[in-house]
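Student: Need a 3D model of the sequence below.
(chains A and B)
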Protein chains: 2
Amino acid sequence: MAKKEKTFRPQARIPRGFRDRFGAEIAAEREMLAAITRVYEAYGFDPLETPAFEYTDALGKFLPDVDRPNQGVFSLQDDDEQWMSLRYDLTAPLARFVAQNYDGLAKPFRRYAVGPVWRNEKPGPGRFRQFTQCDADTVGAPAPNADVECISMLAEALEAAGISRGDYQIRLNDRNVLTGLLESIGVDEDQDAEKKLRVLRAMDKFDRLGMEGVRLLLGKGRKDESGDYTEGAQLPDNEIERVLAFMSATAETNAETCSRLSDLIGGSAAGAIGVETLAEIAAQLAALGLDESRAKIDLSVIRGLEYYTGPVFEAELMFSVEDEKGRPVRFGSVASGGRYDGLVKRFKGVEVPAVGISVGVSRLLAALELKKAAGAEASGPVVVLALEEGQMASYQAMAGELRAAGLRAEVYLGGSGMRAQMKYADKRMAPVAVIQGEDERAKGEVTIKDLILGAELSKEIEDNAEWREAQPAQFSVPRGELVDAVKKTLARKR
Amino acid sequence: MAKKEKTFRPQARIPRGFRDRFGAEIAAEREMLAAITRVYEAYGFDPLETPAFEYTDALGKFLPDVDRPNQGVFSLQDDDEQWMSLRYDLTAPLARFVAQNYDGLAKPFRRYAVGPVWRNEKPGPGRFRQFTQCDADTVGAPAPNADVECISMLAEALEAAGISRGDYQIRLNDRNVLTGLLESIGVDEDQDAEKKLRVLRAMDKFDRLGMEGVRLLLGKGRKDESGDYTEGAQLPDNEIERVLAFMSATAETNAETCSRLSDLIGGSAAGAIGVETLAEIAAQLAALGLDESRAKIDLSVIRGLEYYTGPVFEAELMFSVEDEKGRPVRFGSVASGGRYDGLVKRFKGVEVPAVGISVGVSRLLAALELKKAAGAEASGPVVVLALEEGQMASYQAMAGELRAAGLRAEVYLGGSGMRAQMKYADKRMAPVAVIQGEDERAKGEVTIKDLILGAELSKEIEDNAEWREAQPAQFSVPRGELVDAVKKTLARKR
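Tutor: Predicted coordinates:
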């Protein structure tokens, strides 16, 4: 056995569907999440950290079956035979935590959570099996006040992350409005589950298929370009018209939308509740300064309505940017949320009101990155070259002085020559190299090399020999002026 | 099936060996880690984030056997039959990352990592199956320069986290010194593996058993109080004396320790290398201002020497604090590290020099918490009571103004009366409650209630009626002075 291990050499590879991240990419996400969670904290939300594992039954999936124990979630059996799964979102652990600690919690209970979640799915381009979520939820407060707070907090969080006012819009809808519509066209949610789903899916395809496509899907069905046929919801014509009227009811002002809605579905009990809730939320938001440009009732928000029980919201980015090939990219939804009063019902049998928001971390980050892509600069540490073996302590002292002045600085470690050390500094994206060879030391000086200026100048100069002679991007100063000279060189880059 | 699910109600419970954390506990850890990683970054280390999973073979364990697939690590089989495991530390993923990306990395490669690791072990008091590690490593630089940097950075990181100079000491040893000792007593590391282990284990028990206990374990063996017998290493007397002399060789100054070591083991090739390395490290550290009070050669540092290949270091806290029962608690080691030049050998077949440090996050945090336990104060948000249903927007505006001034503030959400709302504010550890009922509103005022002063005063006052009359801990101000009044009230607590 031991012999076999000695010759076995595993291949160094990351598991499929996962990724490594290094340096600047992590820094950008960290900064964004810090900005968002500072807003959550200002609103009185406290952080909650639950473990990666939950018992599978507590997560709300059935016990994994023996042939495919990993359908959708990563699961394994503990020593005591209980099945555990890695969390697939941050809401299921919240439900478990609240149910477990219900009596001891100050209610309403406001918590936020940031952390990785895992999905056991087929990996694809841009689809990873581990990613970060960033949620905030209020448990124990009914609509509409807690919902208003979440929406207003989401707007503030987006702005704190760097999305300007005008560049986002939070779109609102309400589950009860949809129930009202279904009632008004005679679809019973419990008895006609199949029909209900067909209607919802048809409505959700408005963006892709337009009004005519939706009309077909609400009626007999639709054949797409490839010849595939999608069965329709088989609604009679007058009910199709009512659904289409509903979908066109989104007006410029929230007040007008509510008034149209009232006419269309106010006759249903659920519909009336939904309209009233939306009207109250819109009024409170307006009083807080969030008018339609930031928070607008939009009846095309359908996704998630299966899951939520009351108000639903979705933050969309309104600007488009260009990708590497110059094509416009629309970002769409970067955060969503809503009310789900069934949160802990699975555990406790009673409804506990809850409402929350979830930021799409990687999508929002991608949007922010593309927006400011032009601003990227050399961001590595100052590199102090190590040219004389016996002078290590002196190089360390230089780096120490630079760090004490608040700069990032490192000494080159290793026995390579000057050329290799300069190459290393480039690879590290160092803005400045500090050099002290025998000559400089004899004179009590250090040489400061401005690597960014150097890179710019070298683009302009053609004669390599002339360039080496002139060395315009470096200068020497007395050793005692090291920190000042580096600081001045760095300041020039701003 | 659907019917069955309706009646199944899972118990809300956290998997055994895991824990939830909330609020202040998370904040304290976050602050400590931010302080430490700021130092890492200043030294030119960049963050690396690898996924929770690694392929089991890449982690350096054998393929899990079918009967007990989870020995020590959490493992599961992916769809494509490959075994994956949750990382049990941050070093194994670093080795995989470096081997996988070796040619593209700027070397030396400095990275730090902070994140959860998982151990599939029997949980016990204070022993969790998920915990946080915080590591920094330099790959591609040989001893001693990179080692000096790690030690100096560790000292700075501990101070940044809040451990004062004088309250910690970093103890140094070197694997080669031990090899030299073993050579000098005629134990061949490869051929006498069993004997070697017995010697190391005996030396490691010095703290618990003292010199006499170690002497017995190096010789024939030792019977403990319970009557259990531990087989000894069976060394002859003169070699036992040499080992004991080695263990007494730790002197007040690093120079003296090196000189004694030279006499004891300088005759062995490995021993000579070890002594020279320790002497060079001590000299460089002294040049950086780290004398024996902060970094001291200590030959009793044995743990980890099996794993490391060169210098080894361990940071100990020198102060003791009292636990809840007034008993002194010594913290011992809160960080450790060393050189392990075999890091990527499993993958690439060649040695790549590497050295790193790892902070014991929960232990260091516990030490910091106990040290400043007296300073804990009400740290919740300001709570704005919601007494009149129609005034929600106005309460929200008050909270908004307080947040805009940099304070944490929340509106009470829910329909409870004043008494329940004040109870909620207490539970939230709110320092201040803001109250505007009908009377105050008519006068254009708000009432500021100082909950900390209130709690103090109520301890002193016996007559409840008198207390309710006087209400010394609250006062009213014009609505426009809300923010100033709250700020002044909070300032009084410092």
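
Student: tell me which element residue A:308 is part of?
Tutor: Counting by DSSP states H and E, no helix or strand carries residue A:308.

Student: Name the spans of chain A whose pLDDT lies under the cut-off.
Tutor: Along chain A, the parts satisfying pLDDT under 70 run over A:1-7, A:61-70, A:373-378, A:460-472, A:493-494.

Student: same thing but at 50, please
Tutor: Applying pLDDT under 50 to chain A picks out residues A:1-5, A:62-66, A:374-376, A:494.

Student: looking at it, which residue lies furthest from center?
Tutor: No residue in chain A sits farther from the centre than residue A:442, which is 54.6 Å out by CA atoms, centre = their mean.

Student: Helix or strand next in line after the stretch of helix or strand it belongs to, which one?
Tutor: Assessed by DSSP H and E, residue A:442 sits inside helix A:438-443. Note on helix A:438-443: by DSSP H and E, the next helix or strand toward the C-terminus is strand A:445-450.

Student: Could I have the CA atoms of that following strand written out in PDB?
Tutor: Written as PDB, here are the backbone C-alpha positions of strand A:445-450 (Å, rounded to 0.1, in the frame of the first residue of the first chain):
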ATOM      1  CA  GLU A 445      20.900  56.500  -2.000                       C
ATOM      2  CA  VAL A 446      18.000  54.500  -3.400                       C
ATOM      3  CA  THR A 447      16.600  54.400  -6.900                       C
ATOM      4  CA  ILE A 448      12.800  54.800  -7.400                       C
ATOM      5  CA  LYS A 449      11.600  53.300 -10.700                       C
ATOM      6  CA  ASP A 450       8.100  54.500 -11.900                       C
END
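
Student: now that strand, how far from the chain's geometric center?
Tutor: Relative to the centre of its chain, strand A:445-450 is centred 42 Å away, using CA atoms, centre = their mean, to the nearest Å.

Student: for that strand, packing partners?
Tutor: strand A:432-435, strand A:474-478, helix A:482-491 (3 or more CB pairs under 8 Å, 6 or more residues apart in numbering or on different chains; DSSP states H and E). (Each C-beta comes from the backbone N, C-alpha and C, glycine too.)

Student: Tell me which helix or strand comes right after that strand.
Tutor: Per DSSP H and E, the first helix or strand lying C-terminal to strand A:445-450 is helix A:451-460.

Student: residues in contact with residue A:438?
Tutor: A:387-388 (CB atoms under 8 Å, 6 or more residues apart in numbering or on different chains).

Student: again with residue A:303
Tutor: Contact analysis of residue A:303 by CB under 8 Å, 6+ apart lists A:204, A:314, A:336.

Student: is it true that residue A:138 touches residue B:413?
Tutor: Yes: contact criterion CB atoms under 8 Å: residue A:138 and residue B:413 qualify, at 6.7 Å.

Student: can you pull the contacts of residue A:300?
Tutor: Counting by CB under 8 Å, 6+ apart, residue A:300 touches A:171, A:203, A:206-207, A:247, A:250.

Student: same thing but 10 Å
Tutor: By CB atoms under 10 Å, 6 or more residues apart in numbering or on different chains, the contact list for residue A:300 reads A:171, A:173, A:203-204, A:206-207, A:247-248, A:250, A:314.

Student: cool, residue A:478 as well?
Tutor: In this structure, residue A:478 makes contact with A:443-446, A:485, judged by CB under 10 Å, 6+ apart.

Student: that older thread, restricted to buried residues, select the contacts of residue A:300 in ChimeraX.
Tutor: Per 16 or more other CB atoms under 10 Å in any protein chain shown, the buried members of those correspond to this ChimeraX selection:
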select /A:171,173,203,204,206,247,250,314
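
Student: measure residue A:440 to residue A:478 for me?
Tutor: In this view, residue A:440 and residue A:478 are 10 Å apart by CB to CB, to the nearest Å.

Student: residues shared between the contacts of the two?
Tutor: residue A:446.

Student: would CSV of the contacts of residue A:300 with secondary structure be doable?
Tutor: Formatted as CSV, those follow (DSSP: H, G, I helix; E, B strand; the rest coil):
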residue, secondary structure
A:171, strand
A:173, strand
A:203, helix
A:204, helix
A:206, helix
A:207, helix
A:247, helix
A:248, coil
A:250, coil
A:314, strand
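
Student: Between all of the contacts of residue A:300, which two are separated the most?
Tutor: A:248 and A:314 (19.1 Å; CB to CB).

Student: Identify each buried residue in stretch A:39-55, please.
Tutor: Neighbour counts over stretch A:39-55 (16+ other CB under 10 Å) mark A:39-55 as buried.

Student: Now name the helix or strand holding residue A:333.
Tutor: Element membership for residue A:333, per DSSP H and E: strand A:328-339.

Student: thinking in terms of the whole chain, how far from its middle is that strand?
Tutor: 10 Å.

Student: Toward the C-terminus, what is the element adjacent to that strand?
Tutor: helix A:345-348.

Student: Ramachandran angles for residue A:32?
Tutor: In terms of degrees, to the nearest 10, the main-chain angles of residue A:32 are phi -60, psi -50.

Student: Pull the number of nearby residues for the closest residue to it other than its chain neighbours.
Tutor: Spatial nearest neighbour of residue A:32, excluding adjacent residues (CB to CB, 6 or more residues apart in numbering or on different chains): residue A:161 at 5.0 Å. Per other CB atoms under 10 Å in any protein chain shown, the neighbour tally for residue A:161 reads 22.

Student: my guess is residue A:161 meets residue A:369, correct?
Tutor: No: the pair residue A:161 / residue A:369 is not scored as a contact, 11.7 Å apart, by CB atoms under 10 Å.

Student: Let me see the contact set for residue A:447.
Tutor: With CB under 10 Å, 6+ apart, residue A:447 has these contacts: A:385, A:433-437, A:439-440, A:471, A:474-477, A:485.

Student: need those in a markdown table with neighbour count and distance to residue A:80, can you?
Tutor: Compiled in a markdown table, these are given as follows (neighbours: other CB atoms under 10 Å in any protein chain shown; distance: CB to CB, whole Å):
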| residue | neighbour count | distance to residue A:80 |
| --- | --- | --- |
| A:385 | 22 | 58 |
| A:433 | 25 | 58 |
| A:434 | 24 | 59 |
| A:435 | 21 | 63 |
| A:436 | 24 | 63 |
| A:437 | 14 | 66 |
| A:439 | 10 | 71 |
| A:440 | 16 | 68 |
| A:471 | 12 | 70 |
| A:474 | 17 | 67 |
| A:475 | 13 | 69 |
| A:476 | 16 | 70 |
| A:477 | 16 | 68 |
| A:485 | 18 | 65 |
